[in-house]
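Colleague: here is my input; please provide its structure:
(chains A and B)
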Amino acid sequence: MLALHFRLLLVAGLLAAMPFGARSTHAATPENYDPWPGLVQDIFNSRPIVDGTGIIAVEMPYRAEDAAIVPVTLRVKLPPTDNRRVVAITLVIDQNPAPMAARFELGQASSVSEISTRVRINSYTDVHAVAELSDGKLYMTKTYVKASGGCSAPAAKNADEAKARLGQIRFRQFAKPTEGPQNGIREAQVMIGHPNNSGLQMDQLTRLYVPAFFINELRIWQDDALVLAMEGGISVSEDPNIRFSYVPNGAKRVRVEAKDTEGHVFQKEWKVDNSGI
Amino acid sequence: MMYCSLSLIVAFALGAAPAFAQEQRSALAVREIVPGIFVHTGATEMMTQDNEGAIANVGFIIGSDAVGVIDTGGSVREGEQLLAAIRARTDKPIRYVINTHGHPDHVFGNAAFLGNGTQFVGHKNLPRALAVRGQFYIDAFRRIMGEDLIGKVRLVSPTILVDGALTLDLGNRSLMLRAWPTAHSDSDLTILDEQTRTLFGGDLVFLDHVPVVDGSILSWLAVIDELSSVSAERVVPGHGSVSNWPVALVDERRYLEKLAQDVRKLIADGKPIGAAADTAAAPERSRWKLFDDYNARNATAAFSEIEWE
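Modeller: Numbering: from 1, shown residues only, chains lettered A, B, ... in the order given. Here you go, the predicted structure:
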């Protein structure tokens, strides 16, 4: 259902927002127009969304230094005394051509409390994070990002290199000195080599749009328990990079599976104690 | 007199009085650095409405038959002023406009040279770079510089593509063009005037203006090694003063090496990408202009590249 929804949105984005050149015919500049009410309708079926302060936080630099690689961190703030859990977090970049950047599904027993990734930012924009809790309610928080001027563009710097890395997956665990192993929280990172083409670029010779080509599904498991899943879009930067905190369940292996829009499946697994803590 | 006041009225009615004054085709200030090679040194600034985008070095070379233009500036107005500077010195045809890469401060003046048989020349990747980023640049700089300066900008893709090397002739004057692997950008091209051993380095060479990494820092460092062996006497950098060659590469190489080294350490220490923006290459800060405008971006780009080493 959600996958279908996402595809629809993407098509709408392609048709309406971008085709280069068409934009100048819009009466309002993108910054003056608030797309959020429409996005609530399209992405969340107009379900009520309440203030998520104290439940979910989104952190981004105020100025996007490199529009192609803007770091974003989502933090679960739900107090331990709350008996609900965060089931999913949706990241929405309001002014991007395909606003739904990613939807993260948090594994039931994984205790994921922090997710960092990198996104493309096309313009000055609100960025919303919407958490869905186990009671089915939606909670929202937002921040604002200024796209930098200069030579910064939300496109690949080295398109040939990005293709050469296609399908490579790397996994790394980090020691987290502030929290340490005593409370069981670990931090890890998954990197996937993929150009994550936006599909909004016109080939000047053929005058056709280069088809979108991106990672649309990513799943990270500890043995057979899901840690984190991501449904991604073209707003995720090339070479998708997900860094997250979680609580190990004693599993011997971490497994990553990614799929892209051309049906490639990339898979890799690591023994946990071999992964460079 | 009558004409003048009428014009003024019209100009005011269009709300474009300052623009009207600037529409006079004043010539861009250029200096003849060696016989037949003229260079305008751009302001070491970001592109703004005030500087009309004239921040990059642009120039032209006059042969016995024709003229070759190297980069056209950050607005059509700057391109027109460059054209006026050429026409103040020669009426030979402009055979080539050579773009050193696809950034707006180097290509936004291209439209001033359309027509009259002028051919556009660039790296084999330049058409792709313009296709992928061009409209984004136009939209972004329309906001920064205004419709008046950006409205006439056209993305002019090269019809002569350089893959490896190419020699162009202006009449008893050979220009040796070389397309480089991804470095400052993925469409970097240099031009060597054989006769005077003058190299137009484009943005492979920065002086004074902090280098901007929009391609690959590691590949750029490798390109600098190879570039330094080009036999030239002087370089016209993309930004900064005309300088002796290859000593002009020293500062840039030091900055890029420091940045790569700092970023590599942050990655080894498990720091997140945001940390790079705050700390990498900090000791270089006092040695460059526009450091605060670009260093954090360079560090972010370097991090996302070096983490794949």
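Colleague: pLDDT at the residue in the stretch 101-250 of chain B positioned nearest to chain A, what is it?
Modeller: Relative to chain A, the nearest point of the stretch 101-250 of chain B is B:Gln135 (3.7 Å; Cβ to the nearest Cβ). Glycine gets a C-beta too; all of them are placed from N, C-alpha and C. According to the per-residue confidence, B:Gln135 scores 87 in pLDDT.
Colleague: quick check on it: phi, psi?
Modeller: Per-residue torsions, B:Gln135: phi -70, psi -30 (degrees, to the nearest 10).
Colleague: where in the stretch 1-150 of chain B is pLDDT low?
Modeller: For the stretch 1-150 of chain B, residues meeting the criterion pLDDT under 70 lie at B:1-25.
Colleague: what residues does it put near chain A?
Modeller: For the stretch 1-150 of chain B, the contact set with chain A under Cβ under 8 Å from any Cβ of the partner chain comprises B:46-47, B:103-104, B:125, B:127-128, B:130-137, B:139-141, B:143-144.
Colleague: now, of those, which are buried?
Modeller: B:46-47, B:103-104, B:125, B:127-128, B:130-137, B:139-141, B:144 (16 or more other Cβ atoms under 10 Å in any protein chain shown).
Colleague: now do the contacts for A:Ile169.
Modeller: A:190-193, A:256, A:258, A:266-268 (Cβ atoms under 8 Å, 6 or more residues apart in numbering or on different chains).
Colleague: mind listing the helices for chain A?
Modeller: Secondary structure of chain A by DSSP state H: the helices cover A:2-16, A:36-44, A:159-164.
Colleague: oops, could you answer that again for the stretch 1-150 of chain B instead?
Modeller: B:2-13, B:17-23, B:76-87, B:104-107, B:126-145, B:147-150 (DSSP state H, counting those that start in this stretch).
Colleague: the closest residue in space to B:Asn298 that isn't next to it in sequence: neighbour count?
Modeller: Nearest non-adjacent residue to B:Asn298, counting by Cβ to Cβ, 6 or more residues apart in numbering or on different chains: B:Val213, 4.4 Å away. Neighbour count for B:Val213, taken as other Cβ atoms under 10 Å in any protein chain shown: 28.
Colleague: show the model's pLDDT score for B:Val213.
Modeller: At B:Val213, pLDDT is 96.
Colleague: likewise for the one 4 residues further on?
Modeller: We have a pLDDT of 98 for B:Ile217.
Colleague: that one contacts B:Leu259, doesn't it?
Modeller: Yes: at 6.6 Å, B:Ile217 counts as touching B:Leu259 under the criterion of Cβ atoms under 8 Å.
Colleague: who has more neighbours, the two?
Modeller: Using other Cβ under 10 Å as the criterion, B:Ile217 and B:Leu259 rank with B:Leu259 on top: 26 against 23.
Colleague: secondary structure class for that one?
Modeller: helix (DSSP: H, G, I helix; E, B strand; the rest coil).
Colleague: for it, give its distance to B:Leu207.
Modeller: Distance, B:Leu259 to B:Leu207, by Cβ to Cβ, to the nearest Å: 17 Å.
Colleague: and B:Asp193, by the same measure?
Modeller: Relative to B:Leu207, and taking Cβ to Cβ, B:Asp193 is found at 19 Å.
Colleague: close to chain B, is stretch A:264-271?
Modeller: No: using Cβ under 8 Å from any Cβ, stretch A:264-271 never reaches chain B; the gap is at least 15.1 Å.
Colleague: now that stretch: average pLDDT?
Modeller: The model assigns stretch A:264-271 a mean pLDDT of 95.
Colleague: in CSV, list the C-alpha atoms belonging to that stretch.
Modeller: Listed in CSV are the C-alpha atoms of stretch A:264-271, where the atom choice follows Å, rounded to 0.1, in the frame of the first residue of the first chain:
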residue,chain,number,x,y,z
HIS,A,264,18.6,-5.3,-9.0
VAL,A,265,18.9,-7.0,-5.6
PHE,A,266,22.1,-6.3,-3.6
GLN,A,267,22.8,-8.5,-0.6
LYS,A,268,25.6,-9.0,1.9
GLU,A,269,26.1,-10.3,5.4
TRP,A,270,28.7,-9.9,8.1
LYS,A,271,29.7,-11.8,11.2
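Colleague: would you mark the buried spots in that stretch?
Modeller: Applying 16+ other Cβ under 10 Å to stretch A:264-271 flags A:266, A:268, A:270 as buried.
Colleague: who touches that stretch?
Modeller: Stretch A:264-271 is contacted by residues A:166-167, A:169, A:171, A:192, A:252-260 when judged by Cβ under 8 Å, 6+ apart.
Colleague: does B:Leu130 touch B:Phe108 like I think?
Modeller: No: the criterion here is Cβ under 8 Å, and B:Leu130 misses it with B:Phe108 at 11.1 Å.
Colleague: ok, A:Ala188 - how many residues close by?
Modeller: 23.
Colleague: quick check: which element contains B:Trp220?
Modeller: In this assignment (DSSP states H and E), B:Trp220 forms part of helix B:217-227.
Colleague: follow-up on the earlier one: how near is the residue nearest to B:Asn298 to B:Leu130?
Modeller: B:Val213 is 20 Å from B:Leu130, by Cβ to Cβ.
Colleague: do B:His209 as well
Modeller: Taken as Cβ to Cβ, the span from B:His209 to B:Leu130 is 23 Å.
Colleague: just A:Thr90 next, same as before
Modeller: In terms of Cβ to Cβ, A:Thr90 sits 34 Å off from B:Leu130.
Colleague: who's in contact with A:Ala67?
Modeller: For A:Ala67, the contact set (Cβ under 8 Å, 6+ apart) comprises A:120-122, A:147-148, A:152-154.
Colleague: where along chain B do the strands fall?
Modeller: Remark: strands assigned in chain B by DSSP state E are B:31-34, B:37-40, B:58-62, B:67-70, B:94-98, B:119-123, B:160-162, B:165-169, B:174-179, B:189-193, B:198-206, B:234-239, B:243-244.
Colleague: and the stretch 1-150 of chain A, by the same measure?
Modeller: In the stretch 1-150 of chain A, strands defined by DSSP state E, counting those that start in this stretch lie at A:49-51, A:56-59, A:63-64, A:70-76, A:86-93, A:100-106, A:114-119, A:125-133, A:138-147, listed in chain order.
Colleague: now those strands in a markdown table, with mean neighbour count, mean pLDDT and distance to chain B?
Modeller: Formatted as a markdown table, these follow (neighbours: other Cβ atoms under 10 Å in any protein chain shown; pLDDT from 0 to 100; distance: least, Cβ to the nearest Cβ, whole Å):
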| stretch | mean neighbour count | mean pLDDT | distance to chain B |
| --- | --- | --- | --- |
| strand A:49-51 | 12 | 97 | 26 |
| strand A:56-59 | 19 | 98 | 9 |
| strand A:63-64 | 20 | 88 | 8 |
| strand A:70-76 | 22 | 97 | 5 |
| strand A:86-93 | 23 | 98 | 15 |
| strand A:100-106 | 24 | 97 | 16 |
| strand A:114-119 | 23 | 97 | 6 |
| strand A:125-133 | 23 | 97 | 13 |
| strand A:138-147 | 18 | 94 | 7 |
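Colleague: CSV for those strands, including distance to B:Ala27?
Modeller: As requested, the strands of the stretch 1-150 of chain A are exported to CSV (distance: least, Cβ to Cβ, whole Å):
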stretch, distance to B:Ala27
strand A:49-51, 59
strand A:56-59, 50
strand A:63-64, 37
strand A:70-76, 42
strand A:86-93, 45
strand A:100-106, 48
strand A:114-119, 45
strand A:125-133, 41
strand A:138-147, 35
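Colleague: closest to B:Ile306 out of the ones you listed?
Modeller: strand A:114-119 (14.5 Å; Cβ to Cβ).
Colleague: the residue nearest to B:Asn298 contacts B:Asp186, doesn't it?
Modeller: No: B:Val213 is beyond contact range of B:Asp186, at 11.7 Å (criterion: Cβ under 8 Å).
Colleague: having no further points to raise, I will conclude here.
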